[in-house]
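[1] after the sequence you'll find the predicted model.
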Amino acid sequence: MPELPEVETIKNDLEPHVTGRKIKSVTLLWERTLQQPSKEEFERIIKNQKITGMDRRGKYLIFNLESGYKLIMHMRMSGSLMLGHDNPPPHTRTVIHLDNDTEIYFNDPRKFGKIQLVKDCQCVLGKLGVEPLSDEFTILALTEILSKRKSPVKSVLLDQCLIAGIGNMYADEALFASKIHPTRHTDSLTGEEIEALHRAIQDVLRLGIKNKGASVTNYFRPDGETGTAHKQFKVAHCKDKPCPVCRTPLERIRVHQRGTYFCPNCQKEK
DNA sequence: CCCGGAACCTGAAGGC
DNA sequence: TGCCTTCAGGTTCCGG
């Protein structure tokens, strides 16, 4: 499931191959992937657009087009992008044909992924919260974010309106690294714990990017390689393994409707 | 505001 | 082997 480090990796891998290229056309193989505008309008607007660069915001991937339009993608659960020449992998939902005979394949087995073509990003990205690796994400900013909710701390980390880009895996990793139980309510956290959480969020995301993302399920990089971030996960998807710190068997519970991995010894409920 | 649950989907995994 | 059920979790929407 692509989260911030996976999307950042896709962006970094893809950008040098597509910047300056012109989009000849786009083939929609599963039309519901396109959220807006209509198919006809989309195909008309995108034709012959030059890609001037790429950006990421939260878990969204953005292709900047010469006309000012933005092609925005969200991988949701199982989406990935691949580069190739006339060899779309199974579950390819959209093909972007570039002017050098290269093709970008939007591959998405579960069909949850979304593509949008808009003039103004704000209608798509406007509600997103702070970028956790930006200068704006200070300890004070996190303190204010946490004070806005009285829900379990994991729910807050997953709320894209508050902090953009953290998903299930990196939320668990950040909570483990800061020794905070995932169901702890935000109003019970001490200043020290908030400081530790702030650091942990940035650490786990940076490490994820450094390792080119985590390939736990469907995630592949555009060259078909997997990332290696999951190999360094301490708790995410590690049920019944011993805690790397204290050897207590890790547990899996359900928080915010998500499978949540944690160490019952290192991350006490109170 | 907050929470729980359903919907969107398919492939993998587990039970029998 | 094969059918069946359950599970995986990002986002949106809906009801309480």
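    Great, that's in hand. Please read these numbers as outputs of a predicted model, since none were measured by experiment. Numbering: from 1, shown residues only, chains lettered A, B, ... in the order given.
[2] so which residues on the stretch 51-200 of chain A come close to DNA strand B?
    Within the stretch 51-200 of chain A, the residues that sit near DNA strand B (Cβ under 7 Å from any atom of the strand) are A:77, A:90-91, A:109-112, A:148-152, A:155. All C-beta atoms are positioned from the backbone trio N, CA, C, and that covers glycine.
[3] residue contacts, A:Val235?
    A:Asp172, A:Glu173, A:Phe176, A:Cys243, A:Leu250, A:Tyr261, A:Phe262, A:Cys263 (Cβ atoms under 8 Å, 6 or more residues apart in numbering).
[4] ok, it to A:Met77 distance?
    With the distance defined as Cβ to Cβ, to the nearest Å, A:Val235 ends up 20 Å from A:Met77.
[5] now swap in A:Leu128 and tell me
    In terms of Cβ to Cβ, A:Leu128 sits 19 Å off from A:Met77.
[6] and for A:Lys268?
    With Cβ to Cβ as the criterion, A:Lys268 and A:Met77 are 32 Å apart.
[7] partner residues bridging A:Met82?
    Counting by DSSP bridges, A:Met82 is bridged to A:Tyr105.
[8] so what's the residue count around it?
    20 (other Cβ atoms under 10 Å).
[9] about what we covered before: among the residues of the stretch 51-200 of chain A next to DNA strand B, find the lowest-pLDDT one for me.
    Comparing pLDDT over these, the lowest score belongs to A:Lys150 (80).
[10] that one contacts A:His185, doesn't it?
    Yes - contact criterion Cβ atoms under 8 Å: A:Lys150 and A:His185 qualify, at 5.8 Å.
[11] rewinding a little: what about A:Leu128 and A:Met77, which has more around it?
    Set A:Leu128 next to A:Met77 and count neighbours by other Cβ under 10 Å: A:Leu128 wins out with 18 against 15.
[12] these two touch, right, the more buried one and A:Leu162?
    No - checked against Cβ under 8 Å, the pair A:Leu128 and A:Leu162 is beyond contact range at 9.2 Å.
[13] tell me the contacts of A:Leu29?
    Contacts of A:Leu29 (Cβ under 8 Å, 6+ apart): A:Thr92, A:Arg93, A:Thr94, A:Val95.
[14] just to revisit the earlier point, out of the residues of the stretch 51-200 of chain A next to DNA strand B, which touch DNA strand C?
    Okay, of those touching DNA strand C (Cβ under 7 Å from any atom of the strand), that's A:Met77, A:Arg110, A:Phe112.
[15] is A:Asn64 in a helix, a strand, or coil?
    Classification of A:Asn64 by DSSP: H, G, I helix; E, B strand; the rest coil places it in strand.
[16] name whatever forms a beta bridge with it.
    Bridge pairing for A:Asn64 - DSSP bridges - gives A:Gly53, A:Lys70.
[17] let me see the ranges of the helices in the stretch 151-270 of chain A.
    Taking DSSP state H, counting those that start in this stretch as the criterion, the stretch 151-270 of chain A carries its helices at A:153-158, A:168-177, A:191-210.
[18] what's near enough to touch whichever residue of chain A sits closest to DNA strand B?
    Per Cβ to the nearest atom of the strand, A:Ser151 is where chain A lies closest to DNA strand B, at 2.7 Å. By Cβ under 8 Å, 6+ apart, the residues touching A:Ser151 are A:His185, A:Thr186.
[19] need phi/psi at it.
    When read as degrees, to the nearest 10, the backbone of A:Ser151 gives phi -90, psi 180.
[20] residues from the stretch 101-250 of chain A in reach of DNA strand C?
    Going by Cβ under 7 Å from any atom of the strand, the residues of the stretch 101-250 of chain A near DNA strand C are A:Arg110, A:Phe112, A:Leu158, A:Gln160, A:Gly167, A:Asn168, A:Met169, A:His237.
[21] top of these by number of neighbours, please.
    When neighbours are counted by other Cβ under 10 Å, A:Met169 leads those with 25 neighbours.
[22] contacting residues for A:Val26?
    Here A:Val26 is in contact with A:Phe42, A:Glu43, A:Ile46, A:Thr94, A:Val95, A:Ile96, A:His97 (Cβ under 8 Å, 6+ apart).
[23] go again with 10 Å.
    Residues near A:Val26 by Cβ atoms under 10 Å, 6 or more residues apart in numbering: A:34, A:39, A:42-43, A:46-47, A:49, A:71, A:94-97, A:104, A:106, A:115, A:117.
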